[in-house]
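Enquirer: Kindly generate the corresponding structure for this input.
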Amino acid sequence: MGGISGFFARSPKRTNGLDKVVAHRLPRACTVRWNFHNCTVKTVFEHKDDLLQCFETIRDSGEFDPNTTREAGGFVRILEDDTFRFFLELFHRIMPHVDVLYNQLQKRTVNSVFVQGIMQEFTDNVKKIRDSLPTFCGEHSSCASQQQLGKKRRTLGPGELQMLATEVCDTILGHTKQRFSFTKHLISATLLQGDKFQQYNRHFPEEALDTTMEAYPLLNQSKLKNELSLIYSNDEFKNCRGAVALYQLFMQNNLQDTFSETNNFDQWFEGANIIPAGVSIVTDGGEPNPLLHPLGHTEQLLVLEGGAYEL
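Expert: Numbering: from 1, shown residues only. Down below sits the predicted model:
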């Protein structure tokens with residue numbers, strides 16, 4: 001998937017070739033916005049036939065350099081591969097739910113009930129996809145068998161496809177449960193959001209502090225509350241966007257002892273690596289860090305990290 005994105009990103013001439021293919025098929029259509037960065041799965045799935053025709057044209061036209069021609073030929077084989085097309089459609093069904101989950105977890109006002117609710121919704125949706133696999137695999141295999149008549153390329157049967165697709169869904173569900181089984185750290189993150197310090201100065205977040213104490217019982221709650229109250233009332237801290245920024249401010253101004261309990265909380269919080277920059281979802285076009293490569297054809301899936309805030 002990343003290869004297809006990179007193929008067109010490196011050359012306007014190649015993208016123009018793709019535009020010509022679409023313009024020929026749909027002469028009255030508006031120019032297609034080729035979003036190969038954030039929505040690679042969606043883009044490739046919806047335009048797989050256009051892409052295939054484009055790669056065939058590049059391969060056979062003689063108008064491109066040898067490297068481009070060779071790459072195009074490789075993509076023709078990939079896009080014609082039945083297994084690739086199957087997993088492309090599978091991830092096309094999964095990724096919208098990933099996007100919804102990601103967007104919900106970017107909200108600055110979350111609590112454990114909210115997180116549990118959206119995680120349950122995400123889990124239910126993935127389970128529905130998993131439960132639909134027998135029908136999906138059967139229909140795909142039937143269609144693929146008709147298309148493969150006269151071709152010698154081996155294709156996977158519905159049983160093999162279902163086994164692999166079930167493994168994909170189970171892996172997603174397993175990592176989701178593992179990463180979000182403990183949500184108290186998510187609530188603790190809200191105590192260190194600089195954009196909420198002014199609000200906290202007016203109304204101290206008692207509930208979030210109580211949740212933090214459940215997550216970090218070794219902290220001195222009274223001392224931590226006093227220190228946080230001072231931080232919330234001081235304008236110098238309001239530009240801190242999260243745990244790392246606050247820790248750096250402590251270090252730069254030798255405030256570790258003055259705010260010792262907050263500093264301890266901050267360091268434990270960072271050390272737990274609970275809140276990377278948002279929920280790290282390696283989607284279509286992101287940096288490859290997959291949980292699973294079913295058959296080596298897909299370079300995307302999702303990695304659900306246990307957090308939703310910027311450090």
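Enquirer: could you measure Thr57 against Val76, distance?
Expert: 10 Å (C-beta to C-beta, to the nearest Å). For the C-beta atoms, the positions are set from N, CA and C on the backbone; glycine is no exception.
Enquirer: again with Ser11
Expert: For Ser11 relative to Val76 (C-beta to C-beta), the value is 17 Å.
Enquirer: same question, Gly3
Expert: Taking C-beta to C-beta, one finds Gly3 at 13 Å from Val76.
Enquirer: between the two, which one's more packed in?
Expert: Set side by side, Gly3 and Val76 show more neighbours around Val76, with 19 against 11, by other C-beta atoms under 10 Å.
Enquirer: list the contacts for the residue lying closest to the more buried one once chain neighbours are set aside?
Expert: Among residues not flanking Val76 along the chain, Phe55 sits closest, at 4.8 Å (C-beta to C-beta, 6 or more residues apart in numbering). Taking C-beta atoms under 8 Å, 6 or more residues apart in numbering, we find Phe55 in contact with Ala72, Gly73, Phe75, Val76, Leu79.
Enquirer: Just say helix, strand or coil for the last one.
Expert: Going by DSSP: H, G, I helix; E, B strand; the rest coil, the secondary structure assigned to Leu79 is helix.
Enquirer: now the helices for the stretch 151-300 of the chain?
Expert: Along the stretch 151-300 of the chain, the segments classed as helices by DSSP state H, counting those that start in this stretch run 158-180, 184-189, 197-202, 206-215, 221-233, 243-252, 260-271.
Enquirer: which of these sits most buried?
Expert: Mean neighbour count, computed with mean count of other C-beta atoms under 10 Å, is highest for helix 184-189 among these, reaching a mean of 22.
Enquirer: What mean pLDDT does that one get?
Expert: Average pLDDT, helix 184-189: 77.
Enquirer: and it, what other elements does it pack with?
Expert: If contacts are counted by 3 or more C-beta pairs under 8 Å, 6 or more residues apart in numbering; DSSP states H and E, helix 184-189 sits against helix 112-131, helix 206-215, helix 260-271.
Enquirer: CA-only coordinates of the shortest one in PDB, if you can.
Expert: Only the C-alpha atoms of helix 206-215 are listed here, as PDB (Å, rounded to 0.1, in the frame of the first residue of the first chain):
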ATOM      1  CA  GLU A 206     -11.300  16.300  41.900                       C
ATOM      2  CA  GLU A 207     -12.700  13.300  40.000                       C
ATOM      3  CA  ALA A 208      -9.600  13.100  37.800                       C
ATOM      4  CA  LEU A 209      -7.400  13.400  40.800                       C
ATOM      5  CA  ASP A 210      -9.200  10.600  42.600                       C
ATOM      6  CA  THR A 211      -8.800   8.400  39.500                       C
ATOM      7  CA  THR A 212      -5.100   9.300  39.300                       C
ATOM      8  CA  MET A 213      -4.600   8.100  42.900                       C
ATOM      9  CA  GLU A 214      -6.200   4.800  41.900                       C
ATOM     10  CA  ALA A 215      -3.700   4.500  39.100                       C
END
